[in-house]
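In: can you look at this prediction? I've put the sequence above it.
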Amino acid sequence: MSAKIKRYETTLAALGLGVIAFGVWNVVKYLIYFILGVNDQTAENTSASSINATTVYYIVYGIVFVLLLIELALRLFIGISARSEGLGKKSRKAYIVLSAFIIILELISFHFDIVSLTDRSSEFIDSLTAVLIDITSIAALVWLIVVSIKLKRAKKQIENGGEI
Amino acid sequence: MQKDFHYYATYCAAYLAGYTHSECLEICYSAQFVDLCSATLLSKLKAPREAATTQLQLELADANTDLIGIQNITRIWSSFHFLPRDLYAEKKGCSRRYLRKYRLICGPNGDLLIDTVNLAKGGSLQAAGVAMHVLADTWAHMYFAGTPSLVINNTNRYFTEIIEDENGVTERRVTFKHSRSARDDFENSVYTNSLYQASENSIMNLGHGRAGHIPDYSFIKYKYLPSWGDYEETVKDNREDYFKAFCQMLYALKYLKGEVESFEKETYDTDSVAPYESEIREILSKRQGEDGACLDWKAFGEKLSGEKIPDFDIDAYQSEYTDAPEHEKDATFLGKFFIAALRQKSMVTNKIFKSKNILAGISVDIKEKGFRGIKAYFALVEQKRKESRK
């Protein structure tokens, strides 16, 4: 097995873990926000005659939490599949498509974080941290796709009797 | 390497080099003692702690891994067990910090090996024993460095044993476990190694800990990816390497005895070994642990000399040292060993320091600067004065 393939496999396995870690971080961060009551603007946005503000608060947080769990599940699938391939086992290639999908979601989140950073709607440090984490997460996912494709090509080249 | 090679095989090599039975025992005892002379033992003997040639697991567990701690560790392990092959090796695209560690990678036939053997020339039998331990370990421990470093000494899942037997050649993936009490399972390639620690300077990443005792088994042939190797596979055939180590030890011992004019790299006394080659290779290839290998080498050594080789006894010379008056301690067996150890450590540390590498600490050239440094090393200055008076 060539040195390049081993390098790609090792990188892929590490990136798989990284993708999972970012997904876990998103959930943990959200739970911390919920517990500390950060960004609690629901009370300001509901009028006195509308439904109970606390109920809205919980519903909104609940929906977002479920969405985050769905995202975490997708990231787990991506991470475990990438890691599996990195360890030389078989894995489903669907994780590459899902990675692209997560990148799109991350780009949307990134856009809103940039807006938040520029219009100072929340703490500067919080917004800046969110931006940096988003950039890192996107970079990890892009890199994962690139390495996965390179690995596939390298293995094909070896199968066809070529040298890398 | 373990007792089978350091004690018994060294005895055999010394006997074939022409030493008498008692001289062989002194040499091989000293060679094995390098693996046991810890600061704890030296404290017990009230001997200079700077003469330590190894560190016990408990000592390592207590050791700091700040710069001073790293230097203390590196000084011992690089001087006696992982002699660097090339202190001026180059590697493109790496930082100076990485390069310092890269240059400490152990390997046979380096310039430091020539210096080690020459240092023992004209010295005591204990010095010869120390030199033989260092020489032998350059073969077993090659590709690892005597400094705690994840980026140099780590191993990963690409670790395969290559088994050559009557069925042909088979490869079996090595499984590493972390059970200190469990014995290595040779039949299923299950070995114990040190725990993975992501910290660069963790003690777990010292020497060949991440490969367990595999480098110390003479029968094993394996391939793996050294951390420093850029994912290039390295094959290590211990049977061949240990045989070369034996032949080179024989050659070095003949040089120390005065039968050979100079000690050169890449030179092995295969002619003297030839009548016993098949027997030696059989011992080296036998798939067994240290105890079995010791018995085989002992039997071979006793057959060679016709004399009984006593089992290694760490207490053998301790009372001689502790009972001796202060001014006579250096003339005792252990006293001579400590002097030899201090000289070896001093020489290697100096060479590493002169290569602009601070990992083994600072070394002062006594000839240029006069004596400055740890009091224990003053014994070397005194020794030099005594020798020049003679």
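Out: Perfect, I can see it now.
In: so residue B:161, which state does it fall into?
Out: strand (DSSP: H, G, I helix; E, B strand; the rest coil).
In: quick one, what contacts it?
Out: B:171, B:172, B:173, B:174, B:189, B:220, B:221, B:222 (C-beta atoms under 8 Å, 6 or more residues apart in numbering or on different chains). For every residue, glycine as well, the C-beta is placed using N, CA and C.
In: repeat that for residue B:26.
Out: Applying C-beta under 8 Å, 6+ apart to residue B:26 gives the contacts B:125, B:126, B:129, B:333.
In: need those residues in CSV with secondary structure and neighbour count, can you?
Out: Formatted as CSV, the contacts of residue B:26 follow (DSSP: H, G, I helix; E, B strand; the rest coil; neighbours: other C-beta atoms under 10 Å in any protein chain shown):
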residue, secondary structure, neighbour count
B:125, helix, 24
B:126, helix, 25
B:129, helix, 30
B:333, helix, 19
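In: of all these, which two lie farthest apart?
Out: Maximum pairwise distance among the contacts of residue B:26 (C-beta to C-beta): 10.5 Å, between B:129 and B:333.
In: shared neighbours of those two, anything?
Out: Jointly contacting residue B:129 and residue B:333 under the rule C-beta under 8 Å, 6+ apart are B:26, B:29.
In: now do the host helix or strand of residue A:108: distance to the chain's middle.
Out: Using DSSP states H and E, the element containing residue A:108 is helix A:94-119. From the chain centre to the centre of helix A:94-119 is a distance of 8 Å (C-alpha atoms, centre = their mean, to the nearest Å).
In: got it, and stretch B:115-134?
Out: Computed by C-alpha atoms, centre = their mean, the chain-centroid distance of stretch B:115-134 equals 12 Å.
In: lowest average confidence across helices and strands of chain A, where is it?
Out: Lowest on mean pLDDT, DSSP states H and E among the helices and strands of chain A sits helix A:42-45, with a mean of 50.
In: phi, psi for the residue of chain B positioned farthest from its centre please.
Out: In chain B, the residue that sits farthest from the middle, by C-alpha atoms, centre = their mean, is residue B:167; the gap is 34.6 Å. The phi/psi pair for residue B:167 (degrees, to the nearest 10) reads phi -90, psi 0.
In: my guess is residue B:111 contacts residue B:86. True?
Out: Yes: using C-beta atoms under 8 Å, residue B:111 is in contact with residue B:86, at 7.5 Å.
In: which helix in chain A has the most residues?
Out: helix A:124-159 (DSSP state H).
In: is chain B contacted by that helix?
Out: No: using C-beta under 8 Å from any C-beta of the partner chain, helix A:124-159 never reaches chain B; the gap is at least 12.1 Å.
In: now do the buried residues in that helix.
Out: The neighbour-count check on helix A:124-159 (16 or more other C-beta atoms under 10 Å in any protein chain shown) flags A:127, A:130-131, A:133-134, A:137-138, A:140-141, A:143-145, A:147-148, A:150-151, A:154-155 as buried.
In: what helices or strands is the helix or strand hosting residue A:60 leaning on?
Out: Using DSSP H and E, residue A:60 maps to helix A:53-86. The contact analysis (3 or more C-beta pairs under 8 Å, 6 or more residues apart in numbering or on different chains; DSSP states H and E) places helix A:53-86 against helix A:3-36, helix A:42-45, helix A:94-119, helix A:124-159.
In: in chain B, where is pLDDT below threshold?
Out: Applying pLDDT under 70 to chain B flags the ranges B:366-376, B:390.
In: please apply the same query to chain A.
Out: For chain A (pLDDT under 70), the answer is A:1, A:38-51, A:120-122, A:162-164.
In: and stretch B:306-319, how far out from the chain's middle?
Out: 20 Å.
In: and the end-to-end length of it?
Out: End-to-end distance for stretch B:306-319, by C-alpha to C-alpha, to the nearest Å: 29 Å.
In: need the residues that contact it.
Out: B:3, B:7-8, B:11, B:21, B:25, B:29, B:32-33, B:36, B:41, B:45, B:298, B:301-302, B:332-334.
In: mind running it again at 10 Å?
Out: When contacts are defined by C-beta atoms under 10 Å, 6 or more residues apart in numbering or on different chains, stretch B:306-319 is touched by residues B:3, B:6-8, B:11-12, B:15, B:20-22, B:24-26, B:28-30, B:32-33, B:35-37, B:41, B:44-45, B:47, B:126, B:294, B:297-302, B:332-337.
In: stretch B:267-280 too?
Out: Outside stretch B:267-280, the residues that touch it by C-beta under 10 Å, 6+ apart are B:9, B:12-13, B:16-18, B:109, B:218, B:242-255, B:260, B:281, B:283, B:296-297, B:299-300, B:303-304.
In: buried subset of those residues?
Out: Those of the contacts of stretch B:267-280 that meet the buried threshold are B:9, B:12-13, B:16-17, B:109, B:218, B:242-243, B:245-255, B:260, B:281, B:283, B:296-297, B:300, B:304, by 16+ other C-beta under 10 Å.
In: my guess is residue A:84 contacts residue A:148. True?
Out: No: under the criterion of C-beta atoms under 10 Å, residue A:84 makes no contact with residue A:148, lying 11.4 Å away.
In: shared neighbours of these two, which are they?
Out: A:12, A:16, A:91, A:95.
In: give me the neighbour count for residue B:50.
Out: Counted with other C-beta atoms under 10 Å in any protein chain shown, residues neighbouring residue B:50 total 21.
In: how near is it to residue B:119?
Out: 17 Å (C-beta to C-beta, to the nearest Å).
In: next one: residue B:292
Out: The gap separating residue B:292 from residue B:119 is 34 Å, by C-beta to C-beta.
In: what does residue B:330 give?
Out: In this view, residue B:330 and residue B:119 are 17 Å apart by C-beta to C-beta.
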